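K.L.:
Okay, sequence plus prediction incoming.
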Amino acid sequence: MTRLGGLLITLGACHSTYVETTLVVEPRGVAPPVAGEVGSPPRVPLERLAPRAGASIALARTADATLAYVADADAGVLRVIDVDRQRELAAIALDGKPAELVLLDDHRLAVTLRDRDELAVLAGSGLADAPLAITQRIALPVEPIGLALRPDDRALVVTSGWGHALTLIAVPRDRPLATVDTWDIAPEPRTVVVSDDGRFAFVSHAIGQNVERIDLTTRARERIGVSGVEEMIEMGDPRSHFEARKACQGFALVKSIAPEGRIFAPQVLVNTGVPGAASEGYGADDARELEAFDVAVIDEDRGAAFRESLIHRIRQTYQRPRCALPRAAATSLRGTLFVSCLGDNTILELEGASVAPVNAEVARWTVAAGPTGIAIDDANQRMIVWSQHAQTLTALPLGDRKHDVTRTLVLGHDALPPQLARGRELFVAVNDKRISRTGQACASCHPDGRQDALVWSSPDGPRQTPMLAGRLADTAPYGWNGSASTVAKHMKQTFARLGGKGLAGADLDALIAYVTAMPAPDPVGSPPANLIADGEALFRSDHAQCASCHGDDGRTPDGMRHDVRSFAFGDKTSKLDTPTLAAIAGTAPYYHDGRFATLRELLERTHGKMGQTRRLAPHELDALEAYLRTR
Amino acid sequence: MTGHVWLVVLVASQHASAAPTPLSELPEKTTWARPAIPSGVVDTDDEYLTSDTQCLVEAPPKYWTSGGGDMGARSASLDGEIGIERLVEAGEGAYLERTRTRPAPGNKLVALERGRIALLPVARVDGLTVYAYRRDGSVFVVARAVPTESLGFVRSDARSYKFANVDCAIASTQMRLRNGSSEPMQIEGVIPSSRRNYLVDASVSKTSRDPEPLLSVVVRVVKPPSQ
């Protein structure tokens, strides 16, 4: 038993498999109050309007104002905006890109800094008499994104996207926060919410077709499947048939307010086609809708999704709501669910009590480009939307006030260079016929510039989506076949497969600039230096023969096509381009057809085809794998 | 802070929604009255017609309204019953009335029984009210609609009548419950007063925490479906 930050913490014996954690809610008086310790500004009365789940926007009310706290990821600042008086009050540099923020019950703000691997804690309100200031920074696993408070407000859970981790942080009132525990969870977590009883954390994943439920008391993890099916009806056959649809883009996750007990997981169900059957483009040629917007409804107490919420019914195709690139969500006291659609620049309102909310559209609004945050002000029947790309805050009336005016605050900050801003706009564009005829954006398969972990049918055979971020420089040629000597030529091929007419000129340059500028995430974990050194030596050795094709550092492939005896049913060629190994730890599944689920499986099963791994002892494989994970 | 502007935009969105309705609030009891030929029913040489506020239903004991949008041609035995239904939106509350009839020689209908079931309003849009009731493990959602087809059921041979494009001023759908939940269903129709198209999305669901199943109904004005 240890004391940490005024909290009583009990740890079980076997750390690797089971740790019992008991948080005593009240601080024990070990740490002094934050104000006394760090000299934070005086506190002003602040009523928290935001839920206990993080978002890029949170609302609070003072005696005479409604404040919006906005995580401006492009500018790296926290903005404070008086929604009623339509004024930006403050902008606090965070020295990092904020992803989400949440208001603590003692009026502090907790903000995840995605590129700094930190949680920043700020005190103050942002009003003139109480400017915001960072009072604490807490190191977190790579790429912290989502965060949520436990219902008792005394603990915070934070997801780390690339670090595939969930961190539990104690939140003693008015005292410094303290990390309690960290769980290794499934890849690419994004949003987290905590069950009403405080026991479970539910985590959405951008890839992997699951929502994860983590028992915060027993550490038990379970996956809640959210992949779906599409109802098919064949001529002359009155029975329905169902075809599998894979889930992706699981970014948002939100709890219902009324009725309680539901968790909504907006996502996209895709028809990737039959991997061995060549298709004209990517995915099934005969799919009615290659990407179908969906909202999985999870029974919070049961930990399972409503089956009906995962079925794409054929008769529901009439005016079925469309939402391209669903990214953020919020719920209202009226029982409705709001989803921001980054590709459409729309906000969709859906009926939350429906067995399949995706079939129950209530309203839709067009907003400024890049809606990444939604906050609901139930008392004033309005919705505040943060549009990151357009640097715009929009206040939209709801319900009985739906005919009131919509107010839009254009902040006018140029947070990104114009070319990158344009490139990003094109990257998420779903209605640009130059890119795609079927309404797919680059970001559809490359969420956050990465990969969807899916294998698609293509004209060349089955193809696993490669990650883009940080992997384009010095890795020509491009494409699994290595058929494009430049990124521009590869894009041209991709647009053609998507039925697009193709980009040219400044727009093509902008898109290339954007995708090549996307940084690779930091390596995950810190294995022993000697293990990495051993692995690096093995990688470069004649013993394993990895570097001869992948380059000395694994990031500079030889630019050649090789037959590594990976021919799969449907492949048009047996020679494939040597891929870069940059960020390989997070790009499962592996091989062009995704046949290997893990890096270890790939190492162990490719002996003689790709290197000589059977010669390696288990400890050498450990070292090689550890080194690869640093790439 | 400077360098920002506020824009004011008028938004005129047409939508409607209603709070979810616990199933126990839905009426399900039928009150029966003495037989009588319902008004509006006439007989002709070879077809029975109804007024535009009434609908013909085959196998009436199974269900009341016939469901919107899927009234393909079908046959009913002369020995079977025919139901005639109408939606009444009276001042004291709406109800669905059904008269069970049996075809008789001489192109006559013999009324067997007339019953009413109260309707609970569950959503509104543009002057249209959507109602619901429950019966025999199913939930029904009902709304007024502009009849879009000619009406009647036509005798096709000596022993059967062929239903053809039943003209029905009621749009409805049935949701069968399984473990407290249903498939999501839709109703398409045209609002009689405004002639605008509407779409109803309805379903029943129940989580572990819900004490009873909840009916969710959303109705909105939509563009006409493209042909």
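P.N.:
Yes, it's here.
K.L.:
Specify the local secondary structure of the spatially most central residue of chain A.
P.N.:
Nearest residue to the geometric centre of chain A (CA atoms, centre = their mean): A:Arg190, 4.1 Å. Assigned by DSSP: H, G, I helix; E, B strand; the rest coil, the conformation of A:Arg190 is strand.
K.L.:
which regions of chain B sit below the pLDDT cut-off?
P.N.:
Applying pLDDT under 70 to chain B picks out residues B:1-18, B:34-82, B:103-109, B:147-168, B:225-227.
K.L.:
typo on my end, it should be the stretch 201-350 of chain A
P.N.:
In the stretch 201-350 of chain A, residues with pLDDT under 70: A:235-238, A:286-288, A:315-319.
K.L.:
same check, this time on chain A
P.N.:
A:1-44, A:235-238, A:286-288, A:315-319, A:401-403.
K.L.:
Domain ranges for it, per the record?
P.N.:
A:226-412, A:419-517, A:529-628 (automatic domain parsing).
K.L.:
Quick one: classify A:Phe539 as helix, strand or coil.
P.N.:
Per three-state DSSP, A:Phe539 ends up helix.
K.L.:
Tell me which of the domains of chain A sits most buried.
P.N.:
When these are scored by mean count of other CB atoms under 10 Å in any protein chain shown, the highest mean neighbour count falls to domain A:226-412 (a mean of 21). (Glycine included, C-beta is placed from N, CA and C.)
K.L.:
Give me the distance between the two termini of that domain.
P.N.:
End-to-end distance of domain A:226-412 (CA to CA, to the nearest Å): 39 Å.
K.L.:
quick revisit: list the contacts for the residue nearest to the centre of chain A?
P.N.:
By CB atoms under 8 Å, 6 or more residues apart in numbering or on different chains, A:Arg190 lies in contact with A:145-146, A:159, A:161, A:203-206, A:250-253.
K.L.:
want to throw these into CSV with secondary structure?
P.N.:
Putting the contacts of A:Arg190 into CSV (three-state DSSP) gives the following:
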residue, secondary structure
A:Ile145, strand
A:Gly146, strand
A:Thr159, strand
A:Gly161, coil
A:Val203, strand
A:Ser204, strand
A:His205, strand
A:Ala206, coil
A:Gly250, coil
A:Phe251, coil
A:Ala252, coil
A:Leu253, coil
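K.L.:
Can you give me the end-to-end span of stretch A:340-356?
P.N.:
17 Å.
K.L.:
So which bits of the stretch 201-350 of chain A are right by chain B?
P.N.:
A:259-262, A:297, A:299-302, A:306, A:308, A:313, A:315-316, A:318-319, A:334-336, A:349 (CB under 8 Å from any CB of the partner chain).
K.L.:
returning to what we had before: with distance to A:Ile57 as added columns, please give the domains of chain A in TSV.
P.N.:
As requested, the domains of chain A are exported to TSV (distance: least, CB to CB, whole Å):
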stretch	distance to A:Ile57
domain A:226-412	4
domain A:419-517	19
domain A:529-628	28
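K.L.:
out of the ones you listed, which comes closest to A:Val171?
P.N.:
domain A:226-412 (18.8 Å; CB to CB).
K.L.:
just how off-centre is stretch A:341-353 within its chain?
P.N.:
Computed by CA atoms, centre = their mean, to the nearest Å, the chain-centroid distance of stretch A:341-353 equals 17 Å.
K.L.:
Just the CA trace of it, in CSV.
P.N.:
Extracted C-alpha coordinates of stretch A:341-353, given in CSV (Å, rounded to 0.1, in the frame of the first residue of the first chain):
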residue,chain,number,x,y,z
CYS,A,341,-19.4,15.0,-39.9
LEU,A,342,-15.9,16.2,-40.8
GLY,A,343,-16.3,15.3,-44.5
ASP,A,344,-19.6,16.9,-45.0
ASN,A,345,-19.1,19.8,-42.6
THR,A,346,-22.4,19.0,-41.1
ILE,A,347,-23.9,18.3,-37.7
LEU,A,348,-26.5,15.6,-37.5
GLU,A,349,-29.1,15.3,-34.8
LEU,A,350,-30.5,11.8,-34.2
GLU,A,351,-33.1,10.3,-31.9
GLY,A,352,-31.2,8.6,-29.1
ALA,A,353,-33.9,6.3,-27.9
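K.L.:
Relative to chain B, which residue of the stretch 1-150 of chain A is the closest?
P.N.:
Closest to chain B within the stretch 1-150 of chain A is A:Glu88: 3.9 Å, counting by CB to the nearest CB.
K.L.:
Settle this for me: that residue is touching A:Ile81, isn't it.
P.N.:
Yes - A:Glu88 is within contact range of A:Ile81, at 5.1 Å (criterion: CB atoms under 8 Å).
K.L.:
Residues in contact with both of these two, list them for me.
P.N.:
With CB under 8 Å, 6+ apart, A:Glu88 and A:Ile81 have common neighbours A:Leu409.
K.L.:
Those two - which one has more neighbours?
P.N.:
Between A:Glu88 and A:Ile81, A:Ile81 has the larger neighbour count (other CB atoms under 10 Å in any protein chain shown), namely 29 against 21.
K.L.:
ok, for that one, nearest residue in space, not its chain neighbours?
P.N.:
Of all residues not flanking A:Ile81 in the chain, A:Ala68 sits nearest, at 4.5 Å (CB to CB, 6 or more residues apart in numbering or on different chains).
K.L.:
which ones are touching A:Ile384?
P.N.:
With contact set as CB under 8 Å, 6+ apart, A:Ile384 has these partners: A:57, A:59, A:68, A:83, A:374-377, A:393-396.
K.L.:
From those residues, pick the one nearest A:Tyr627.
P.N.:
Ranking the contacts of A:Ile384 by separation from A:Tyr627, with CB to CB as the measure, puts A:Ile57 on top at 41.2 Å.
K.L.:
isn't that closest one right next to A:Tyr69, touching?
P.N.:
Yes - A:Ile57 lies in contact with A:Tyr69 (CB under 8 Å); the separation is 6.9 Å.
K.L.:
Thanks again, I'm all set now.
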